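Asks: the amino acid sequence is not available; the structure is as follows:
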């Protein structure tokens, strides 16, 4: 459905409209129902949410996350006080000796898993 995200109030979930190629080689729509469509799009289809919204003509301000999931994230945010990372004027601090995000060493097993994820998202 171009320009709109299909939402089911009973499931409190959104339907993914991302075009994929089936095992038979035919193009079809993903069709998976997700409470957090943002996570599904980025992890399973490997594209940024902005690109997904542009591709389907969805308003950039439209939420792709269920109210229940938003509520759970708010509760976790308060519990773990992650909102403190957003204080004005404070710079993000890296660990001593680090100058970029994820500069740590990854195991060979993790590197292999990440390569497989990228290969799957390209297909």
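Replies: Here it is on my side, so go on. Quick caveat: nothing in here was measured; it's all calculated off a predicted structure.
Asks: contacts only, for the residue nearest to residue 45 when sequence neighbours are not counted.
Replies: Once flanking residues are discounted, residue 45 sits nearest to residue 18: 5.0 Å by Cβ to Cβ, 6 or more residues apart in numbering. C-beta coordinates here come from the backbone N, C-alpha and C atoms, glycine included. Counting by Cβ atoms under 8 Å, 6 or more residues apart in numbering, residue 18 makes contact with 29, 30, 41, 45, 47, 52.
Asks: SS state for the third one?
Replies: Classification of residue 41 using DSSP: H, G, I helix; E, B strand; the rest coil returns helix.
Asks: from residue 33, how far off is it?
Replies: Distance from residue 41 to residue 33, counting by Cβ to Cβ, to the nearest Å: 13 Å.
Asks: please identify every residue contacting each of the two.
Replies: In contact with both residue 41 and residue 33: residue 16, using Cβ under 8 Å, 6+ apart.
Asks: out of those two, which sits in the more crowded spot?
Replies: residue 41 (22 against 15; other Cβ atoms under 10 Å).
Asks: over to residue 33: give its phi and psi.
Replies: phi -90, psi 130 (degrees, to the nearest 10).
Asks: what distance do you get for it to residue 108?
Replies: 36 Å.
Asks: quick one on the thing from earlier: buried members of the contacts of residue 18 into PyMOL, please.
Replies: The following PyMOL command selects only the buried members of those, with burial defined by 16 or more other Cβ atoms under 10 Å:
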select buried, resi 41+45+52
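Asks: could the contacts of residue 18 go into CSV alongside secondary structure?
Replies: Converted to CSV, the contacts of residue 18 look like this (three-state DSSP):
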residue, secondary structure
29, strand
30, coil
41, helix
45, helix
47, coil
52, helix
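Asks: what's the farthest-apart pair in the contacts of residue 18?
Replies: Farthest-apart pair in these is 29 and 47; separation 14.8 Å (Cβ to Cβ).
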